[in-house]
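> I'll drop the sequence and a predicted model, then ask my questions.
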Amino acid sequence: MQLKRILGGLAVLAGISGAAQAQEPVKIGFITKFPVPFFASMEDAAKAYAEANPGVEIIFGQGTSATDIEGQIALIESMVTNGVQGIAVTPVDPTVAPALDKAIEQGVKVVLMDNNIPDWEGRTALATTDNYNAGKIAGEYLKTVLKDGDTLGILEGVPGVPSLDDRVDGMLEGLAGVDVEIVGRGATNCTEELGISVAEDLLTANPDLKAIYSACGPPAAGAARAITNAGIANDDIILVGFDFCCGEAEALAAGTEDATVAQFPTKMAELGVDGLVRAIRGEEVESLIDSGAALVTKDNMSEFE
């Protein structure tokens, strides 16, 4: 009987110790790619998470552009120096992996958000939209409004970045079954300026262009401006984007953009930060955390604003 009491007491103490450990302070880094509303929403969600969880301290950092590889590497190194226990990061390019490896060697856990680093095994988890399936949503929509023989131009994001490539490849799978001619595709670095430029080139080279697909939000808004500047009527061309950000709401309301694919950056950030905190505290975390996606049109966009 006495032995049972002792064992019971030890079990209670172990439970208290475990609960106390679960609430130990955690210090993490949160790095996003560059300043656009999508990543601002992610940062806001991470700040809200920290406010709701007083034991969590977050250091924030952001690159200057979609190709700011050196800037992101510097942020990773700085956060390790500042003693973070984990880093939640939207990797700008797979070449940041060596910097993350060095962080892991020093005991830092890494959760990737938004896009993966192919064949890199260092991550604790990936919190993201399934970009391939989300691209299929765009392609399946295009399949309903295009017919055999129609022409399509593609505004790519940053070729070589897996999440952005998946958005294009998924779209093409969703479109399969309709014999559409792809008359051009160009990189935009996910900027509105290059979106305008690439769209203008497509429209100039293909006066009868039937549709444009953009793998990022800012270039979609740029394409909408190029279409308007060219004096093309909304009914004469189909524009489909991805992200539902950065001017797309205005383009949808004006009828220049027909549809886009919305991600849920707030949910992505919340899930990513929570997964990282739980992993640091010794809890089991799923390796893939899907934050979802949905088709947005003028008719339903109020549900996503």
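On my side now, so go ahead.

> from here on, just use CA atoms for contacts and neighbour counts.
OK.

> tell me the buried residues in stretch 99-114?
99-101, 103-104, 108-114 (16 or more other Cα atoms under 10 Å).

> what about the helices in the stretch 201-305 of the chain?
217-229, 248-254, 265-280 (DSSP state H, counting those that start in this stretch).

> residue 123: which of those helices is closest?
For the helices of the stretch 201-305 of the chain, proximity to residue 123 was assessed by Cα to Cα; helix 265-280 is nearest, at 10.1 Å.

> hey, what's residue 61 bridged with?
Beta-bridge partners recorded for residue 61 (DSSP bridges): residue 31.

> let's have the chain start at 43 instead
Fine by me, first position is 43 from now on; the one you just mentioned is residue 103.

> list the residues that contact it.
For residue 103, the contact set (Cα atoms under 8 Å, 6 or more residues apart in numbering) comprises 71-74, 117.

> could you redo the last one with a cut-off of 7 Å?
Contacts for residue 103 (Cα atoms under 7 Å, 6 or more residues apart in numbering) come out as 72-74, 117.

> quick one: the closest residue to residue 297 other than its chain neighbours and residue 268, what's the gap?
Nearest non-adjacent residue to residue 297, counting by Cα to Cα, 6 or more residues apart in numbering: residue 276, 6.2 Å away. In this view, residue 276 and residue 268 are 12 Å apart by Cα to Cα, to the nearest Å.

> sec struct for residue 228, please.
strand (DSSP: H, G, I helix; E, B strand; the rest coil).

> what about it, neighbour count?
Residues lying near residue 228 (other Cα atoms under 10 Å) number 20.

> pLDDT below threshold where in the stretch 143-292 of the chain?
Nowhere does the stretch 143-292 of the chain drop to pLDDT under 70.

> list the residues that contact the residue sitting nearest the centre point of the chain.
Centroid-nearest residue in the chain, with Cα atoms, centre = their mean: residue 156, separated by 3.1 Å. When contacts are counted by Cα under 7 Å, 6+ apart, residue 156 touches 132, 169-171.

> make it 8 Å
132-133, 168-171, 205, 310.

> wait, isn't residue 259 in contact with residue 235?
No - the criterion here is Cα atoms under 8 Å, and residue 259 misses it with residue 235 at 11.8 Å.

> related to what we said a few turns ago, the contacts of residue 156 in helices, which ones?
205, 310 (DSSP state H).

> closest one to residue 343 out of the contacts of residue 156, please.
Once Cα to Cα is applied, the member of the contacts of residue 156 that ends up nearest residue 343 is residue 171, at 18.7 Å.

> burial count for the closest residue to residue 298 other than its chain neighbours?
When the adjacent residues along the chain are set aside, residue 298 lies closest to residue 276, with 5.2 Å between them (Cα to Cα, 6+ apart). Residues near residue 276, counting by other Cα under 10 Å, number 16.

> report the rounded mean pLDDT for stretch 116-130.
Averaging pLDDT along stretch 116-130 yields 97.

> pull out the buried residues from that stretch.
By neighbour count on 16+ other Cα under 10 Å, the buried set for stretch 116-130 is 117-118, 121-122, 126-130.

> now do stretch 239-254
By neighbour count on 16+ other Cα under 10 Å, the buried set for stretch 239-254 is 239-245, 251-254.

> re the thing from before, can I get the buried residues of stretch 141-156 in CSV including distance to residue 283 and secondary structure?
Listed next are those as CSV, based on distance: Cα to Cα, whole Å; DSSP: H, G, I helix; E, B strand; the rest coil:
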residue, distance to residue 283, secondary structure
141, 33, helix
142, 31, helix
143, 34, helix
145, 36, helix
146, 36, helix
150, 36, coil
151, 34, strand
152, 30, strand
153, 27, strand
154, 24, strand
155, 21, strand
156, 17, coil
